[in-house]
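*Asks:* mind looking at a prediction? Sequence and model below.
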Amino acid sequence: MTDFCSGNPHIVLHVDMDHFFSAVEEREHPQIKGHPVVVGADPKRGTGRGVVKTCNYEAREFGIHSGMPVSKAWRLCPDAIYVRGNYRLYKEVSKKIMTVLRGYATEFQSWGLDEAFLDVTSDVHNFREAVKLAEGIKHEILWRERLTCSIGIAPNKLVAKIASDYRKPDGLTIVPENAVAKFLAPLPVQRMLWIGEKTAMRLKKLGIRTIGDLASVDVSLLTERFGVLGVRFHQHALGISGAKVGGRKGRRKSIGHESTFATDTNNISRIVQRLDDLCQRVHERATKQRLLFKTVTIKIRDQDFNTHTHSKTLPFFTNQLQDLQKATRTLTRSRFQGDQRIRLVGVRVSNLKSIAGQRTLA
DNA sequence: TCTGGGGTCCTAGGACCC
DNA sequence: TCTGGGGTCCTAGGACCC
């Protein structure tokens, strides 16, 4: 929190691929171009239980957006083209794009499959050159992958991310340091990173709707309501952020899988079976990554969407499937009352340590 | 309208140790 | 017989991101 105003202003780019998954689908299947395309769960004629992952702009015309229940999307536009998604392909394409982007900046950080931050402070002399560079990136990605992206250029990651979202698709938005306050002020608070629906509602009750409102409010009020987060919100609203491109490159903290039943169930053997399968998948990944774990957490969501987690920390580190399944079953048995129907179950391991790390201790 | 699946970080209370 | 303060770990839950 102390390094935000020190040193020279940075020049940071945020590159955001336009409706990435559905754009790849359109590229691979040109015949669907121009039609609404929705990537996500199987809508099953309106009875599917998943959500929309991405959709193209034609689908957005119908009010469909990512995160929306796919059953609702189906009601809005049953004639859209619904695709489950080819994640292996998306990963491959993403890898190629990231390789291109990495070549443009000294400091690089990918964020998910379809976004990346580039700190080009030491690669260009000023914002004008950064704009040239951004145009070069857009051309190269279009030429190599036949895909468009939107780019924001700003003095830090926070503002660059908001800027890339400002004009889409195929946009380029430049916010130099002296324009940050004016750019942010009229935007709704939800545009800010870490302010989602719940926080926006709480802010609205305080009469805070725009980022400008948030910037001009007394910090002590925010501290009172949101603790340390309040201070961060206020800093962010002023466009101040010390987050470095490439920072937070920590080790993996947990590995987990979860799964929703096609229909809610209170059949204990069906639940245990599903948890066993999830344990196997978690165990497989932990083994592949040569990780030991100590804490096991199960997640149970009932038909009313009430979600509970229960965890158990073992007295030892392990990578044995038996230990994982045993802990999972114990947790399930002690917590599951047969009277409730279950929608989703999940298994996660945390408190991780690499096997290599253990060797050096031995 | 009915809400996936992969994660991370934060908070807060209680246990336990010194 | 009553009771400090600091630190760390464990557990549960919640908000948020892509």
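*Replies:* Structure's in. What do you need?
*Asks:* ok, how many other residues are close to residue A:313?
*Replies:* 13 (other CB atoms under 10 Å). For glycine as for every other residue, the C-beta is placed from the backbone atoms N, C-alpha and C.
*Asks:* element containing the closest residue to it other than its chain neighbours, please.
*Replies:* Setting aside the residues directly before and after it, residue A:313 is nearest to residue A:295 in space (CB to CB, 6 or more residues apart in numbering), at 4.6 Å. Residue A:295 is located in strand A:291-302, with elements delineated by DSSP states H and E.
*Asks:* and whatever residue of chain A ends up closest to DNA strand C, how many neighbours?
*Replies:* Going by CB to the nearest atom of the strand, DNA strand C is nearest to residue A:112 of chain A, at 2.2 Å. For residue A:112, the count of nearby residues is 10 (other CB under 10 Å).
*Asks:* same check, this time on residue A:148
*Replies:* Residue A:148: 16 neighbours (other CB under 10 Å).
*Asks:* I'd say it and residue A:139 touch.
*Replies:* No: the criterion here is CB atoms under 8 Å, and residue A:148 misses it with residue A:139 at 10.5 Å.
*Asks:* anything in contact with each of these two?
*Replies:* Common neighbours of residue A:148 and residue A:139, using CB atoms under 8 Å, 6 or more residues apart in numbering, do not exist here.
*Asks:* surely the residue of chain A closest to DNA strand C forms part of a helix?
*Replies:* No: using DSSP: H, G, I helix; E, B strand; the rest coil, the assignment for residue A:112 is coil, not a helix.
*Asks:* against residue A:28, how distant is it?
*Replies:* 20 Å (CB to CB, to the nearest Å).
*Asks:* ok, now residue A:124?
*Replies:* Residue A:124 is 35 Å from residue A:28, by CB to CB.
*Asks:* can you give me the strands in chain A?
*Replies:* For chain A, applying DSSP state E gives strands covering A:12-17, A:37-40, A:52-55, A:81-83, A:107-110, A:115-119, A:149-154, A:172-174, A:254-265, A:291-302, A:307-318, A:342-350, A:353-354.
*Asks:* packing partners for the fourth one?
*Replies:* Packed against strand A:81-83 by the contact rule (3 or more CB pairs under 8 Å, 6 or more residues apart in numbering; DSSP states H and E) you find strand A:37-40.
*Asks:* direction included, what does the strand it packs on pair against?
*Replies:* strand A:52-55 (antiparallel), strand A:81-83 (parallel) (DSSP bridges).
*Asks:* tell me which of these sits most buried.
*Replies:* strand A:52-55 (a mean of 24; mean count of other CB atoms under 10 Å).
*Asks:* ok, now which ones touch residue A:161?
*Replies:* A:14, A:117, A:152, A:193.
*Asks:* and residue A:101, by the same measure?
*Replies:* A:15, A:108, A:110, A:116, A:118, A:137.
*Asks:* closest one to residue A:316 out of those, please.
*Replies:* The closest of the contacts of residue A:101 to residue A:316 turns out to be residue A:110 (CB to CB; 35.3 Å).
*Asks:* would you check that the closest one makes contact with residue A:100?
*Replies:* No: under the criterion of CB under 8 Å, residue A:110 makes no contact with residue A:100, lying 11.7 Å away.
*Asks:* could you list the low-pLDDT ranges of the stretch 151-300 of chain A?
*Replies:* Residue ranges of the stretch 151-300 of chain A with pLDDT under 70: A:248-249.
*Asks:* residues of it that sit close to DNA strand C?
*Replies:* A:161, A:193, A:194, A:195, A:196, A:197, A:198, A:199, A:200, A:294, A:295, A:297 (CB under 7 Å from any atom of the strand).
*Asks:* swap in the stretch 1-150 of chain A?
*Replies:* So far as CB under 7 Å from any atom of the strand goes, the stretch 1-150 of chain A lies against DNA strand C at A:67, A:111, A:112, A:113, A:114, A:115.
*Asks:* list just the nearest of the residues you listed to DNA strand B.
*Replies:* Of all these, residue A:67 has the smallest distance to DNA strand B: 4.7 Å, by CB to the nearest atom of the strand.
*Asks:* for the closest one, give me the pLDDT.
*Replies:* The pLDDT attached to residue A:67 in the predicted structure is 92.
*Asks:* my read: it touches residue A:52, true?
*Replies:* Yes: between residue A:67 and residue A:52 there is a contact under CB under 8 Å: 6.6 Å.
*Asks:* gap between residue A:345 and residue A:292?
*Replies:* In terms of CB to CB, residue A:345 sits 24 Å off from residue A:292.
*Asks:* what does residue A:19 give?
*Replies:* 40 Å.
*Asks:* ok, what's across the strand from residue A:312?
*Replies:* residue A:296.
*Asks:* what count of nearby residues applies to it?
*Replies:* 15.
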